[in-house]
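Participant: the following comprises the amino acid sequence and a computationally predicted model.
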Amino acid sequence: MKKTLAIILLSLCVVTLPAQHKKRPHFDPERFQADLEQFIVRQAALLPGEAEVFFPVFREMQKEQRIIFEQQRRHRHIKPANEAGCRNAIIENDEMDLRIKELQMKYHKKFLTILPATKVYDILKAEDRFHREAFRRAAENGPWQQGKRATDKKSRASQAKP
C-alpha cells in the first residue's frame, strides 16, 4: 500500500513539474514596435499630427539601422584565424559603428526639420529609456533567472555595490 501511494505521488509530481515552468513569451516585432511608438508618443507628448509625420521617417531609420546591426551580428560569431584577419575584423566593426552614428546624425537632422528640437530630444531619450526597460524585463524573465527574484530590491542593490 505504501509503495503504491509513493508511486502515485511521485507520478503526480512528475506530471505537474513541466506545468510549473513558465514558458517565455514569443517575441512579436510588430507588438514591440507598437509599444515603442506608444511609449515615445506619451513620453515626448507628441500630437497625432506630429506622430503621423514623424514615425514613417523613424521607421525608415530603424530599417537602415537593422541592416548594419545584422552585419555586426554576423561578424560577432566569426573569429578570424590569424593576426591580419583579426585586424580587419576590428576595422570593419569600427566602420560599422561609425556608419550607425552617421546614419543617426542624418536622421536626427531630418527629425529636426519635422519637429522642434525639444520634442526630438524627448523622443531620443524616450527611445533609449524604452530599450533599457525592454532589456531589463527580458533579463528578469530569462531562463537564468529561474528560482531568483530579480525584482527584489535588496538583491539588485547588493549587485550594484562594488
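Facilitator: That came through, no problem. Computed from a predicted model, the values in this text were never measured in an experiment. Residues are numbered from 1 along each chain as shown.
Participant: what is the neighbour count of Val120?
Facilitator: Close neighbours of Val120, defined as other C-beta atoms under 10 Å, add up to 19. In this view, the C-beta of every residue, glycine as well, is placed from N, C-alpha and C.
Participant: over to Ile114?
Facilitator: Burial measure for Ile114: 14 neighbouring residues, criterion other C-beta under 10 Å.
Participant: let me know the pLDDT of it.
Facilitator: At Ile114, the model reports a pLDDT of 95.
Participant: all numbers from here: first residue = 805
Facilitator: Right, with 805 as the first residue, what we last looked at is Ile918.
Participant: quick check, it in contact with Pro860.
Facilitator: No. Ile918 is not in contact with Pro860 according to C-beta atoms under 8 Å; the separation is 9.9 Å.
Participant: where's the residue nearest the centre of the chain, which helix or strand?
Facilitator: Residue closest to the mean C-alpha point of the chain, counted by C-alpha atoms, centre = their mean, is Phe939 at 4.7 Å. For Phe939, the enclosing helix or strand under DSSP states H and E is helix 921-945.
Participant: show me which residues of that helix are buried.
Facilitator: For helix 921-945, the neighbour count (16 or more other C-beta atoms under 10 Å) marks Lys923, Val924, Asp926, Ile927, Ala930, Glu931, Phe934 as buried.
Participant: ditto for stretch 847-864
Facilitator: Neighbour-count burial for stretch 847-864, counted by 16+ other C-beta under 10 Å, picks out Ala848, Leu850, Glu854, Ala855, Phe858, Phe859, Phe862.
Participant: same question, stretch 897-905
Facilitator: For stretch 897-905, burial by neighbour count (16+ other C-beta under 10 Å) applies to Arg903.
Participant: what residues does that stretch touch?
Facilitator: Contact with stretch 897-905 is made by Gln869, Ile872, Phe873, Gln875, Gln876, His879, as judged by C-beta atoms under 8 Å, 6 or more residues apart in numbering.
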